[in-house]
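Undergrad: Give me the fold of what follows.
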Amino acid sequence: MAILNDLSDYNVRNTAFGFIDCQTSMLEPDSSFKGELEYEDENFRQEILGNIRRLVTKTSERLEDALRIFTLWASPLELTAIRKQPMYLLKTPWQQSDARNSFMQRINPKFNEPQREDFHPQVRPSIGDVIIEKPYRSAFSDTDLAKMLCKLGCKALVLSGVRTDKCIYDTAFDGGGCSPPITCIVVEDAVGTQKRDKQRDHIWHMKNQLELVKVTTTQKVCDLLDR
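TA: Numbering: from 1, shown residues only. Modelled structure (predicted):
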């Protein structure tokens, strides 16, 4: 059973912090927009968003030594047509960056309001953070994430964001297949999907079936960051 009781083996120098697909359409859904993630329980959504925001705030206090990675979902066609390398370091404030302008111009026209595919206002990256425009569910698929983590000596990747049953799960699964393997630490109260029962099922599966995936809580990650 892969329940993580403490984070004593990890610190901000050997651990990266991933915020997966924290876009407005994922965290602040509007039922009038077809295809957006809809939560059956508003309290559940607020809890997830609050804990993700708490982790963003806490890691921002350690920006000088904490590696933060923010992913944006983008289709493979949008990426291959425009950007050969979907991973980059943010050098200017996100809202004024050329990277944001480029991403917004390439949003698939099927989205009714492209701005809703931007980062949620409460979960935005800062200068020095790594941005990954990922073409598939897993943040490791067709990106240099694994290579970067290995080069920087990171043996673990903390995962928060959405969706537990798709992008979080696939990223956590793929981490174990990297060379060398990356332990993915899923923050169970800072990841979410539409339904609580689907959330419980996938958290259970990651705890019990995926050998190199660990599960922890927002508070334990904050305790790590306080060390």
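
Undergrad: what helices or strands is the biggest strand by length in the chain leaning on?
TA: Ranked by residue count under DSSP state E, the longest strand found in the chain is strand 183-192. Strand 183-192 sits against helix 42-60, strand 156-162, helix 169-175, helix 196-209, strand 213-216, helix 218-226, with contacts defined as 3 or more C-beta pairs under 8 Å, 6 or more residues apart in numbering; DSSP states H and E. For glycine as for every other residue, the C-beta is placed from the backbone atoms N, C-alpha and C.

Undergrad: when you compare where the first one runs with where helix 196-209 runs, what's the angle?
TA: Going back to what we said before, that points to helix 42-60. Computed by axes from the mean of the first three to the mean of the last three C-alpha atoms, to 10 degrees, the angle separating helix 42-60 from helix 196-209 equals 50 degrees.

Undergrad: now the angle from helix 42-60 to strand 156-162?
TA: Using the same axes, to 10 degrees: helix 42-60 against strand 156-162 is 140 degrees.

Undergrad: Give me the contact list for helix 42-60.
TA: 17, 19, 22, 27-29, 39, 66, 68, 120, 122-124, 126, 158, 160-162, 187, 189-192, 196, 199, 218, 221-222, 225 (C-beta atoms under 8 Å, 6 or more residues apart in numbering).

Undergrad: picking that back up, how far off helix 218-226 does the longest strand of the chain point, in degrees?
TA: 130 degrees.

Undergrad: Tell me the first helix or strand C-terminal of the lowest-mean-pLDDT helix or strand in the chain.
TA: Lowest on mean pLDDT, DSSP states H and E among the helices and strands of the chain sits helix 76-82, with a mean of 52. Next helix or strand after helix 76-82 toward the C-terminus (DSSP states H and E): strand 87-89.
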